[in-house]
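S.K.: attaching a predicted model along with its sequence, questions to come.
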Amino acid sequence: MKLWLIAAFMFAPLAFAQDHGGHGRPKETSFGRPVDAKKASRVVRVEMSDQMRFTPAQITVKQGEIVRFEPVNKGQVMHEMVLGTLDDLKKYAELMKKNPGMPHDAPHMAHVAPGKSGTIGWQFTTPGEFFYACLVAGHYEAGMIGKVTVQSDRVSNIKALSSEDVEQYLSGAGMGYAKAAELNRHPGPMHVLELADQLKLTAEQRTATAKLMEAHKAEARKIGARLVAAERALDELFRGGAVAGDALAQAVARTAVLEGEYRLAHLETHRRMRTLLSDAQLARYDALRGYAAR
Ligand SMILES: [Cu+2]
């Protein structure tokens, strides 16, 4: 049943190799493309530890930027840095767990022995959130994952929205829309996961929280994209000169509906998050976040 996956995984590196040789052009992936590390304008050193952590665990790059990653293994066991989408990495981690030691190699990954360092030359061509993980069996599950945020190089031409606002909507960010919940003992899944150890989450709670966050991010990004499009339509309406009253009312109503949906998506996620935590965990969360006791 998993054969197709194994095949896809085994052939991915071949596809890279063929594209290098055959077309002289590196293969474009959904998270960017391999580039000679010598061309990098920026070096990012990432430490890997036996505590199953990457340091830093969050990196922000600009769309089009060429990065030379230098993963350094500070531990006593083998570690890897593998770039990809969350979906890809999750599937591969599962596969590696079932087939420990399975050989795999591609330009978007580096296997690093204890005390050594590796190199990945990568250009991030698409804005969005991507990840890097260690796929040595069990390491991903232990939390060995980091995030790369790729900022769009597109400057917002929407007068009422800054480029940052557009970025945030497209990435499904909170933007203050969740405050009514967050500040009233209804945490969001992202902060809960960040504080997972201190909140003593059970394995079930971690899984359910991660699932809630992924579903939420996907939904918020979708609504965010529609909201940005609606704001652009409103902007263009005025840019066109004389505006009809009913067209304006319609355009404004559309942005308002989408903004409401965006806010609801966040608040609803916080509402669900609360049902996954105990009262003691909720109180601990408030304390950890520095909210006043009530
Ligand atoms: Cu590892």
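M.R.: Sure, I can see it. On a predicted model such as this, the values are computed, not experimentally measured, just so you know.

S.K.: going forward, measure contacts between C-alpha atoms and count neighbours the same way
M.R.: Will do.

S.K.: run the chain-centre distance for the helix or strand hosting residue 121.
M.R.: Taking DSSP states H and E as the criterion, residue 121 maps to strand 120-123. Computed by C-alpha atoms, centre = their mean, to the nearest Å, the chain-centroid distance of strand 120-123 equals 18 Å.

S.K.: give me the sheet partners of it and which way each runs.
M.R.: Counting by DSSP bridges, the strands paired with strand 120-123 are strand 33-34 (antiparallel), strand 66-73 (antiparallel).

S.K.: any idea how many residues pack against the residue nearest to residue 135 when sequence neighbours are not counted?
M.R.: Nearest residue to residue 135, sequence neighbours excluded (C-alpha to C-alpha, 6 or more residues apart in numbering): residue 93, at 5.2 Å. For residue 93, the neighbour count with other C-alpha atoms under 10 Å is 22.

S.K.: in contact with the residue of the stretch 1-150 of the chain at minimum distance from the ion, which residues?
M.R.: Taking C-alpha to the ion as the measure, the stretch 1-150 of the chain has residue 79 as its residue closest to the ion, at 3.6 Å. Contacts for residue 79 were tallied using C-alpha atoms under 8 Å, 6 or more residues apart in numbering; they are 48, 73, 111-114, 134-136.

S.K.: apply 7 Å and report the result again.
M.R.: Neighbouring residues of residue 79 by C-alpha atoms under 7 Å, 6 or more residues apart in numbering: 48, 73, 111-113, 134, 136.

S.K.: partners of it in the sheet?
M.R.: residue 112.

S.K.: ok, now how distant is it from residue 217?
M.R.: Distance of residue 79 to residue 217, given as C-alpha to C-alpha, to the nearest Å: 29 Å.

S.K.: again, but for residue 204
M.R.: Counting by C-alpha to C-alpha - residue 204 and residue 217 are separated by 20 Å.

S.K.: which one's more surrounded, those two?
M.R.: Using other C-alpha under 10 Å as the criterion, residue 204 and residue 217 rank with residue 217 on top: 20 against 10.

S.K.: rewinding a little: the residue nearest to residue 135 is in what secondary structure piece?
M.R.: Per DSSP H and E: helix 86-98 holds residue 93.

S.K.: list the buried residues in that helix.
M.R.: Counting neighbours by 16 or more other C-alpha atoms under 10 Å, one finds that the buried residues in helix 86-98 are 86, 89-90, 92-97.

S.K.: only the C-alpha atoms, please, for that helix, written as PDB.
M.R.: Output of helix 86-98 as PDB, limited to C-alpha atoms (Å, rounded to 0.1, in the frame of the first residue of the first chain):
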ATOM      1  CA  LEU A  86       5.300  20.000   6.300                       C
ATOM      2  CA  ASP A  87       3.400  17.400   4.400                       C
ATOM      3  CA  ASP A  88       6.400  16.000   2.600                       C
ATOM      4  CA  LEU A  89       8.500  15.900   5.700                       C
ATOM      5  CA  LYS A  90       5.800  14.200   7.700                       C
ATOM      6  CA  LYS A  91       5.500  11.500   5.100                       C
ATOM      7  CA  TYR A  92       9.200  10.900   4.800                       C
ATOM      8  CA  ALA A  93       9.600  10.900   8.500                       C
ATOM      9  CA  GLU A  94       7.000   8.100   8.700                       C
ATOM     10  CA  LEU A  95       8.800   6.200   6.000                       C
ATOM     11  CA  MET A  96      12.200   6.600   7.700                       C
ATOM     12  CA  LYS A  97      10.800   5.300  10.900                       C
ATOM     13  CA  LYS A  98       9.600   2.200   9.200                       C
END
